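Participant: Return atomic coordinates for the entry below.
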Amino acid sequence: MNIFPIVLGLAVVALLAGFIAVGMYNGLIELRNLFRNAFAQVDVQLKRRHDLIPNLVASAKGYMAHESGTLTAVIEARAKATQANVRFAGNPGDPAAMNDVIKAESGLSGALGRLMVVSEQYPDLKADATVRSLMEELASTENRIAFARQAYNDAVLFYNTGRETFPRVFIANAFGFTVAEFFKVESEAEREAPKVSF
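Facilitator: Numbers count the residues shown, from 1 in each chain. Okay, the predicted model is just below:
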């Protein structure tokens, strides 16, 4: 009895299985890189938002001398959001870091919303050209953040679906491809962008 054909057949099957496993692994890498890149796009827009806030606060300070608590809350919320984004950017697959980003950005949105409400009491502030321009840029940035967040969530959906399908789930679990977190809004009130009309 000649065992050469059996050994050759087993070698071919093992080689094919290896190619399939490598293909699945590479596909998971590609999906993971896509969702990381999508977060990088969100991060660019969040940084733009964070960069606008100090200018807005500085412009509003002269008009809102009695509202220093509101202005301080915005600056503190911005600092927390910036720190959370830096932590998540260092490890975009970490669900705890994504939850920190969500909470920090929600806090920042809330502080900006309070600033907008308080600013309604200052007609001179509303008439200032610099403040009006900054508010328009902030409104535009909020829209860009929403679009970038949607693209990120789509990339996370593709990645999570790819890592959970059979037989990729075995490769994903073996090589530590963890589930990615969606960038979700925590409450219904936060689903609306802050009103920035002047």
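Participant: Identify the residues contacting stretch 86-95?
Facilitator: Residues external to stretch 86-95 that are found in contact with it (C-beta atoms under 8 Å, 6 or more residues apart in numbering): 32, 35-36, 39-40, 43, 97-98, 100-101, 178-181. Using the backbone N, CA and C atoms, a C-beta is placed for each residue, glycine as well.
Participant: Of all the helix elements in the protein, which one is longest?
Facilitator: Assignment by DSSP state H gives helix 4-61 as the longest helix of the chain.
Participant: Any idea how far it is from the middle of the chain?
Facilitator: Centre-to-centre, helix 4-61 and its host chain are 14 Å apart (C-alpha atoms, centre = their mean, to the nearest Å).
Participant: what mean pLDDT would you report for that helix?
Facilitator: Per-region confidence: helix 4-61 scores 92 on mean pLDDT.
Participant: what comes up buried for the next helix or strand after that helix?
Facilitator: Sequence-wise, the next helix or strand downstream of helix 4-61 (DSSP states H and E) is helix 68-90. Using 16 or more other C-beta atoms under 10 Å as the test for burial, helix 68-90 gives 70-71, 73-74, 77-78, 80-82, 84-85, 87-89.
Participant: try stretch 13-29
Facilitator: Within stretch 13-29, the residues that qualify as buried are 21, 24-25, 28, counting by 16+ other C-beta under 10 Å.
Participant: quick revisit: tell me the angle the longest helix of the chain makes with helix 68-90.
Facilitator: Counting by axes from the mean of the first three to the mean of the last three C-alpha atoms, to 10 degrees, helix 4-61 lies at 160 degrees to helix 68-90.
Participant: Packing partners of helix 4-61?
Facilitator: Secondary-structure packing of helix 4-61 (3 or more C-beta pairs under 8 Å, 6 or more residues apart in numbering; DSSP states H and E): helix 68-90, helix 95-119, helix 129-164, helix 168-174.
Participant: Can you give me the buried ones in the longest one?
Facilitator: This points to helix 129-164. For helix 129-164, the neighbour count (16+ other C-beta under 10 Å) marks 131-132, 134-135, 137-138, 141-142, 144-145, 148-149, 151-153, 155-156, 158-160, 162-163 as buried.
Participant: What helices and strands are in contact with that helix?
Facilitator: Under the contact definition 3+ C-beta pairs under 8 Å, 6+ apart, helix 129-164 sits against helix 4-61, helix 168-174.
Participant: Next, the angle helix 129-164 makes with the first one.
Facilitator: Using the same axes, to 10 degrees, one finds that helix 4-61 and helix 129-164 are set 160 degrees apart in direction.
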